[in-house]
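Novice: Need the 3D shape of this:
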Amino acid sequence: MFSETIRLDNAGASLACHHEPAKGQPRAILMILHGLAEHSRRYASFAEAMAARGYHVYAHDHRGHGETKAADAPLGRFARRNGIGHVVGDIAAVRDHAATRHPGLPVILLGHSMGGLIALNAAEDLTGRFAALAVWNSNFAVGLSGRAAQAVLLAERALKGSDVPSDMLPRLTFAAWGKSIPNRRTAFDWLSRDPAEVDAYIADPLCGSDTSVSLWLDVFALTFRGIEREQLGRLPKDMPIHLVGGGQDPATNKGKAVLWLSKRLKGQGFSRISTVIYQDMRHETLNEIGAETAIADFADWCDAAIRTVPNERIDPR
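Specialist: Numbers count the residues shown, from 1 in each chain. Model prediction:
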């Protein structure tokens, strides 16, 4: 488990935030953004491994997830209105809290799956607040199927409201991904080849909760917004960006969506894009067989990224 749990109040939310202190001389701060229908405590082992490499690690539960509390954000919903704005504001609050506690250190932002969608949008909105960015197992390449999903969600909202679970999107995503795994043992085998990790997810009461129509709409808004030319133009072209995918991950079309994002970023002039597809892995790289290799690779990337961070991208607090 994380060594320290912190409660941060921000814009009507009590954020459950966890911190694993760096071992030895601190090198940087790593912020982790978790995915849909899960929570930040699932990243404790990863945090310990990164702390051993000299990184202060912070991870918090998004609104509508885990142990974070907000009056208008029950499990499965960011907020009644302006969900994306609130979620990005929470990231800013955690980031500034960490930077104040550990002044002079660069901050790296990592997001998994939905967390990767949020991470790219947050880095764009909070210009200059992060020295490097990592987006893992995220699908920005949804195209016309994503627009069709938005239409379905808008129809559901018109028929039954936005703050109830979607009927259609779980069938088009989680259920379809589960059925795509040959000889599957459970409906969640698409997450990992490790049965113990899959069973832990299924048994976790804070995982797999119903996702509201409003949250699904926010997810697709993040997906399309994050890759807009104007939004990407807010990031420094020499920002180190690390993309990771699984070659057997149905949520990213077996890693093809990650390669698509890499190509788009390079096409927009970004010069420091690194892309890794772990061919045998499914969706949750950090809970997969061979996760230790991915973690070591990521720590090496972080070490290289922070060696070249300009001073103006390190918050003085």
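Novice: going forward, measure contacts and count neighbours with C-alpha atoms only.
Specialist: Will do.
Novice: quick one: terminal-to-terminal distance for stretch 16-32?
Specialist: Stretch 16-32 has an end-to-end distance of 13 Å (criterion: Cα to Cα, to the nearest Å).
Novice: So which bits of it are buried?
Specialist: Residues of stretch 16-32 classed as buried under the neighbour-count rule (16 or more other Cα atoms under 10 Å) are 16-23, 26-32.
Novice: Could you check how many residues crowd around the closest residue to Arg272 other than its chain neighbours?
Specialist: The shortest distance from Arg272 to any residue other than its chain neighbours is 4.9 Å, reached at Pro240 (Cα to Cα, 6 or more residues apart in numbering). Using other Cα atoms under 10 Å, Pro240 has 23 other residues around it.
Novice: cool, Val309 as well?
Specialist: Residues contacting Val309 under the criterion other Cα under 10 Å number 16.
Novice: tell me which residues of stretch 146-156 are tucked away?
Specialist: By neighbour count with 16+ other Cα under 10 Å, stretch 146-156 contains the buried residues 146, 149-150, 152-154, 156.
Novice: which pair in these spans the largest distance?
Specialist: Checking those against each other with Cα to Cα, the farthest-apart pair comes out as Gly146 and Glu156, at 15.2 Å.
Novice: from what I can see Ile295 touches Leu286, true?
Specialist: Yes - in terms of Cα atoms under 8 Å, Ile295 counts as a neighbour of Leu286; the distance is 7.4 Å.
Novice: Kindly point out which residues are neighbours of both of these two.
Specialist: In the contact map built from Cα atoms under 8 Å, 6 or more residues apart in numbering, the residues linked to both Ile295 and Leu286 are Phe46.
Novice: more neighbours, the two?
Specialist: Between Ile295 and Leu286, counted using other Cα under 10 Å, the more crowded position is Leu286 (21 against 17).
Novice: Checking that one next. Helix, strand or coil?
Specialist: For Leu286, the reduced secondary structure class is helix; criterion used: DSSP: H, G, I helix; E, B strand; the rest coil.
Novice: do you know how far Arg282 is from Pro195?
Specialist: With the distance defined as Cα to Cα, Arg282 ends up 12 Å from Pro195.
Novice: hmm, I was thinking of Ser145
Specialist: When Cα to Cα is applied, the distance between Ser145 and Pro195 equals 31 Å.
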